[in-house]
Each structure stands twice: as C-alpha cells, then as structure tokens.
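> model this:
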Amino acid sequence: MKNQLRPALTIFALLTIITGVIYPLAVTGIAQVLFPSQANGSLIMTEDGKAVGSELIGQQFDDPKYFWGRISATGTFAYNAFNAENLTASSGSNYGPLNPALIEMVQGRIDALNAADPNNPLPLPVDLVTASGSGLDPHISIAAALYQVRRVAAARGLSEADVQALVDEYTEGRQFGFLGEPRVNVLVLNLALDKIQ
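Numbers count the residues shown, from 1 in each chain. Below you'll find the model as predicted:
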C-alpha cells in the first residue's frame, strides 16, 4: 500500500502545483502583458481614473437625457467587483416566450419609451423592448439609437443633428468586417454626451 500511496500523493501534489499555481500565474501574466484592458474587465475609466463600468456589460439608463440600452437586470454600475457593499451586480433578465412576465416587461418598456417621447414617428426597434441572449448586452442597434436621438436632443437642449453626429461617430462596425451588425455601445455614447455638455 505504501508503494502505491507515495507515488499517488506525489503526482497529486505535482499536478496541483502545475495546474493550480504555475498555469494560472502564467496565463494571468501573459494576459496582463498582451491584453491588459481585457484581462482587467475592459473597464471604461474617466479622466480622473475612476472606473464607470465595463464596455462588455450593459447598464440601466432611464433618464430621458441618456440613450437607453436593452432591458437588463444590471444595476446603474454593473461592474462592481471591488465594491460589493453597494449591492450592484450583473445578472441576466431573460424570460421564456411563454412566461407572462415577458409580456409585462415588454409592455412596460414600450409604455416608458412612449411616455418619454410620445410623438416619436419612428417605428419602435425590438431591441429597445427585449433583452439580449445574455441579458447583459451593452450595445443597441443603430435603429434603436436613431429612435432616441430626438428625445435625447430635446432633454439636453442640443440639436438633433449634433446628437445624430455623435451616434454616427460612436457606431461600431461589424466584428472582423463581416460578423454581426453595426452597433452602438450605450455607455460609451452616454459618456461622450456628458463630455460635450
């Protein structure tokens, strides 16, 4: 039995050190050198160095002077790994197609959008009233951004052309030039709006 136990414990200890210490440290080190922003959560920082969120996780905006993202269960500061006492976090918000809560959620968002801009002649884009696959998507379609231009311009006292130009400036193209659709990161766009005010 001793002949079997000693090699087993030796291999266990060796593999624990390799896979539990050496490998994670090596991967973390390589990521910090090659992809520091992504390795640290793709955080968006203000000029004074304060993190305001991650460009990968959506945030809820309901003030008419801001562009609104997709329906999400995230807090106003979704990425909060270092400040748990504020009780903000990210989580999915999806309901199945047969769940009555989905219809209530969609109708509630339609009502909120109509109340914020009652005379908007544009068709309401579906991504403004539904959650994404993860429920955490930080992007909206160009149609969803254009739908909100009039409301945001009026709330901020800006011309629609100026807000439209900002949307155009912050529109991201297809990934690798052919995957997905052009899109707008809501947090990045809202931060740009705050800068011009």
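> what ranges do the helices span in this structure?
Using DSSP state H, the helices found in the chain span residues 2-17, 23-34, 36-39, 100-116, 142-156, 160-169, 186-196.
> show me how far the third one is from its chain's centre.
Its chain's C-alpha centre lies 16 Å from the corresponding centre of helix 36-39 when counted by Cα atoms, centre = their mean, to the nearest Å.
> where does the closest residue to Met45 other than its chain neighbours land on pLDDT?
Spatial nearest neighbour of Met45, chain neighbours left out: Ala51 (5.7 Å); criterion: Cβ to Cβ, 6 or more residues apart in numbering. C-beta coordinates here come from the backbone N, C-alpha and C atoms, glycine included. The model reports Ala51 with a pLDDT of 80.
> pretty sure Ala51 sits against Ile44.
Yes - if you go by Cβ atoms under 8 Å, Ala51 and Ile44 touch, sitting 7.1 Å apart.
> gap between the residue lying closest to Trp68 once chain neighbours are set aside and Leu128?
Excluding its sequence neighbours, the residue lying closest to Trp68 (Cβ to Cβ, 6+ apart) is Phe61, at 5.1 Å. Separation of Phe61 from Leu128 (Cβ to Cβ, to the nearest Å): 12 Å.
> could you list the low-pLDDT ranges of this protein?
Regions of the chain meeting the criterion pLDDT under 70 cover residues 47, 73-94, 197.
> per the record, what domains does it have?
Domain ranges of the chain: 1-40, 42-196, per automatic domain parsing.
> so how far does the last one reach from one end to the other?
The reference is to domain 42-196. End-to-end span of domain 42-196 (Cα to Cα, to the nearest Å): 23 Å.
> kindly report the same for the shortest one.
Taking Cα to Cα, the first and last residues of domain 1-40 lie 47 Å apart.
> and stretch 173-183, by the same measure?
With Cα to Cα, one end of stretch 173-183 sits 7 Å from the other.
> no further questions, thank you.
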